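1. need the 3D shape of this:
(2 chains)
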Amino acid sequence: AQSVTQLGSHVSVSEGALVLLRCNYSSSVPPYLFWYVQYPNQGLQLLLKYTTGATLVKGINGFEAEFKKSETSFHLTKPSAHMSDAAEYFCAVSPSPNDYKLSFGAGTTVTVRA
Amino acid sequence: EAGVTQFPSHSVIEKGQTVTLRCDPISGHDNLYWYRRVMGKEIKFLLHFVKESKQDESGMPNNRFLAERTGGTYSTLKVQPAELEDSGVYFCASSFTGNTIYFGEGSWLTVV
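-> Predicted coordinates:
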């Protein structure tokens, strides 16, 4: 069984500040981890994913995430927030890279203050 | 190239009525998924089609929900009869096997 916990349902950051969204997972098999973003009135868009190899994964729009097996974490960061980053972010886990039976976290809504 | 298209984008129906949601995947994608997010909860997997076959329907909540994918192209998700707890956003997604999954914008369902 797999599950994801996202710490903090809402995060507010100032424009230009660091964005840090926390994700911890539980998995009985090596996990495949994903971050999705949902902008207002849009569908879910893949930001980045970890399957195997390098544990620091770079995604679109300046986001990156680091897989830490010892901490069962996959936190998402962006060094400098932009107003356009205001959205809801979802961490997800699947049992294999080809299996999109994703288990999602509850989501974190990010607001960016000018 | 068109993305995953879902229709209707919003639907308001009364308890006991029937609603049919449609999803048109990206052309050529064999894999089609349905997910839903009921209010205040996580996005949950409902089922997975490979072409016209149901690969995994373990997430379907009960027999009021029926999904079909005739001919392996578009898919429909019917809720009959709808209950209040069915309100939420229904997402469709598609992919080539082993590749990135693409989500649609979702169909918002409100049951009153």
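2. which non-adjacent residue is nearest the residue nearest to the spatial centre of chain A?
-> Nearest residue to the geometric centre of chain A (Cα atoms, centre = their mean): A:Trp35, 3.4 Å. Nearest residue to A:Trp35, sequence neighbours excluded (Cβ to Cβ, 6 or more residues apart in numbering or on different chains): A:Leu47, at 4.3 Å. Where C-beta positions appear, they are placed from N, C-alpha and C, glycine not excepted.
3. ditto for B:Pro8
-> Using Cβ to Cβ, 6+ apart and skipping the chain neighbours, the partner closest in space to B:Pro8 is B:Ser107 (6.1 Å).
4. show the pLDDT at the one you found.
-> Per-residue pLDDT puts B:Ser107 at 96.
5. and it, how many neighbours?
-> Other residues lying near B:Ser107 total 22 when counted by other Cβ atoms under 10 Å in any protein chain shown.
6. could you pick out the residues of chain A near chain B for me?
-> Chain A comes close to chain B at residues A:36, A:41-46, A:90, A:92, A:97-98, A:100-107, as judged by Cβ under 8 Å from any Cβ of the partner chain.
7. is there a quick PyMOL command that grabs whichever of those are buried?
-> The buried residues among the residues of chain A next to chain B can be selected in PyMOL (16 or more other Cβ atoms under 10 Å in any protein chain shown) with this line:
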select buried, chain A and resi 36+43+44+46+90+92+100+101+102+103+104+105+106+107
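8. so of the residues of chain A next to chain B, which ones are in strands?
-> Secondary structure from DSSP state E places A:Tyr36, A:Leu44, A:Gln45, A:Leu46, A:Phe90, A:Ala92, A:Ser103, A:Phe104 of those in strands.
9. return the residues in contact with the second one.
-> For A:Leu44, the contacting residues are A:Tyr36, A:Val37, A:Gln38, A:Phe90, B:Ile43, B:Phe91, B:Ala93, B:Phe103, taking Cβ atoms under 8 Å, 6 or more residues apart in numbering or on different chains as the criterion.
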